[in-house]
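1. show me the folded form of this:
(4 chains)
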Protein chains: 2
Amino acid sequence: MQNSKRASRVESSAVSNGPAGGGKVSAAARPVRFGPLNDYIGYWLRRAQVWAMTGFLETMKELDLRPTQFSVLILINENPGIRQTEVCAALGLQKANFVPLLNELERRGLAVRKVGSPDRRSSALYLTSQGETLLQRANQLHAQWEGQISARLGTRGQEQLRELLQKLT
Amino acid sequence: MQNSKRASRVESSAVSNGPAGGGKVSAAARPVRFGPLNDYIGYWLRRAQVWAMTGFLETMKELDLRPTQFSVLILINENPGIRQTEVCAALGLQKANFVPLLNELERRGLAVRKVGSPDRRSSALYLTSQGETLLQRANQLHAQWEGQISARLGTRGQEQLRELLQKLT
DNA sequence: TATTGTTATACTCTATAACTATA
DNA sequence: TATAGTTATAGAGTATAACAATA
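-> Reported below is the predicted structural model:
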């Protein structure tokens, strides 16, 4: 159980300001040429992902909720009694890594393992009422966050982005 | 110098198949409801990023080149004599983490630190001719990879995606 | 024999603090 | 005093192998 130490690391801006470059790096502040990097989808995907992760953590700060925890709560809420293996397969997590994650959710009183009747190897997962309450609040906050995104892209742009990302995977 | 052990881990599909779900998880294979997760930009951004990372590593396997290494080679090539601090600021890397990364590039004979004349604290970075050769090959391979992306999105979709991602950050 | 959940472990990425040598 | 580079270290995230209990 290595999750006892709360850290809440926020991963600072990470990818920084990019080509436009901004700031107090040095006196010189010579502009850096990015060359072909500016045209690479993978590069911008990584920058966008870091940006989104940072914004998400900032938004969820009051709940101290990580993206994976959020998606697990949603999945349990949508599929009461779901098994650990199913959650892992759906979200692409290793079952070994899911154990401490779920331990933490149980420790915080948000979810529970119930020993299953049909198959005594597996446990059925449920949200506690506390977990349901927290998830409702998380959904509120997440709506705010999506609002910030659509403020940048417009509703149409947001839809386009989602469609393009879906088409990619 | 902890980079001596070559690993070339490829991060397997990670996010798995998602809503459409695919496979041999179990006999039951009950469909998992994703609920609102399906509408969240951040969720799809992460899936797309994992997908792109996996494809990139697969494409660059012959060169054993990580995304960050690739972007650093490009930046040095575009800005001969650039300082470490500048590369870090441009790409959003911690200077402390840049040291082993650069050590590895030097160990492989792709880049060099030259002790600078004007400021003896800093070193100027250059590609070796071997580094230039490898970068050319990497650019070839990367073009193939972008080709796979545009095969999914179309040229227009690819442009749209890049624009939307840029607008986001 | 295969599967569920678990433990142990290891590698990568990212972050901070403290040090050195210069400026 | 401030900056460039370095070292040491710690915390997440993700991967594999091996195990016990159950099917």
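2. centroid-nearest residue for chain A?
-> Averaging the C-alpha coordinates of chain A gives a centre point, and the residue nearest to it by Cα atoms, centre = their mean is A:P67 (2.1 Å).
3. find the nearest non-adjacent residue to that residue, please.
-> A:F56 (5.7 Å; Cβ to Cβ, 6 or more residues apart in numbering or on different chains). Any C-beta I mention is one placed from the backbone N, CA and C, and that applies to glycine too.
4. need the contact list for that neighbour.
-> A:F56 is in contact with A:67, A:142, A:145, B:42, counting by Cβ atoms under 8 Å, 6 or more residues apart in numbering or on different chains.
5. tell me where chain A has strands.
-> Per DSSP state E, chain A has strands spanning A:82-83, A:111-115, A:123-127. These are given in chain order.
6. tell me the gap between the shortest one and the middle of its chain.
-> It refers to strand A:82-83. Strand A:82-83 sits 20 Å away from the centroid of its parent chain (Cα atoms, centre = their mean, to the nearest Å).
7. for A:A28, give me the pLDDT.
-> The confidence metric pLDDT takes the value 50 at A:A28.
8. what sits against A:H142?
-> A:H142 makes contact with A:56, A:59-60, A:70, B:40 under the criterion Cβ under 8 Å, 6+ apart.
9. give me that answer again for 7 Å
-> By Cβ atoms under 7 Å, 6 or more residues apart in numbering or on different chains, A:H142 lies in contact with A:T59.
10. ok, A:L75 next?
-> Contacts of A:L75 by Cβ under 7 Å, 6+ apart are A:82, A:87, A:90-91, B:32.
11. so where is chain A shaky, pLDDT-wise?
-> A:1-29 (pLDDT under 70).
12. ok, 90 please
-> A:1-30, A:115-118, A:169 (pLDDT under 90).
13. tell me what angle the lengthiest helix in it forms with strand A:111-115.
-> Longest helix of chain A, by residue count under DSSP state H: helix A:129-168. Taking axes from the mean of the first three to the mean of the last three Cα atoms, to 10 degrees, helix A:129-168 and strand A:111-115 form an angle of 100 degrees between their directions.
14. buried stuff in helix A:129-168?
-> Of the residues in helix A:129-168, those with enough neighbours to count as buried (16 or more other Cβ atoms under 10 Å in any protein chain shown) are A:131, A:134-135, A:138, A:141-142, A:145-146, A:149, A:153, A:157-158, A:160-162, A:164-165, A:168.
15. if we can go back for a sec, what about the contacts of A:L75, which one has the most neighbours?
-> With neighbours taken as other Cβ atoms under 10 Å in any protein chain shown, the top of those is A:A90, carrying 25 neighbours.
16. pretty sure it is touching B:V32, no?
-> Yes: when contacts are counted by Cβ atoms under 7 Å, A:A90 is listed as touching B:V32 (4.5 Å).
17. can you pull the phi/psi pair for A:V32?
-> Dihedral pair for A:V32: phi -100, psi 130, per degrees, to the nearest 10.
18. list the contacts of it.
-> With contacts defined as Cβ under 7 Å, 6+ apart, A:V32 is in contact with A:21, B:75, B:79, B:82, B:86, B:90.
19. how does it look with 8 Å?
-> With contact set as Cβ under 8 Å, 6+ apart, A:V32 has these partners: A:19, A:21, B:75, B:78-79, B:82, B:86-87, B:89-90.
20. give me the nearest residue to it, chain neighbours excluded.
-> The shortest distance from A:V32 to any residue that is not its chain neighbour, by Cβ to Cβ, 6+ apart, is 4.5 Å, and that residue is B:A90.
21. distance of that neighbour from DNA strand D?
-> B:A90 is 12 Å from DNA strand D, where distance means Cβ to the nearest atom of the strand, to the nearest Å.
22. list of residues touching stretch A:121-131?
-> Outside of stretch A:121-131, the residues that reach it under the criterion Cβ under 8 Å, 6+ apart are A:73, A:76-77, A:80-85, A:87, A:102, A:105, A:109-116, A:135.
23. go back to these and keep what's next to chain B.
-> Contacts with chain B are made by A:77, A:82, A:85, A:87 out of these, judged by Cβ under 8 Å from any Cβ of the partner chain.
24. number of nearby residues for A:A48?
-> Other residues lying near A:A48 total 25 when counted by other Cβ under 10 Å.
25. contact partners for it?
-> B:45, B:49, B:165, B:168-169 are the contacts of A:A48 under Cβ under 8 Å, 6+ apart.
26. go on, A:I149?
-> Taking Cβ under 8 Å, 6+ apart, one finds A:52, A:158, B:41, B:168 in contact with A:I149.
27. from B:T155, how far off is it?
-> Noted for A:I149: a distance of 25 Å to B:T155, by Cβ to Cβ, to the nearest Å.
28. and for A:E132?
-> A:E132 sits 46 Å away from B:T155 when distances are taken as Cβ to Cβ.
29. what do you get for A:L102?
-> Using Cβ to Cβ, A:L102 is found at 44 Å from B:T155.
30. again, but for A:E58
-> The spacing between A:E58 and B:T155, counted by Cβ to Cβ, is 35 Å.
31. could you do A:Q166 as well?
-> 19 Å.
32. what does A:L101 give?
-> Using Cβ to Cβ, one gets 40 Å for the distance from A:L101 to B:T155.
33. again, but for A:G92
-> 29 Å.
34. buried residues in stretch A:71-85?
-> If you call a residue buried by 16+ other Cβ under 10 Å, then stretch A:71-85 has these buried ones: A:71-77, A:79, A:82-84.
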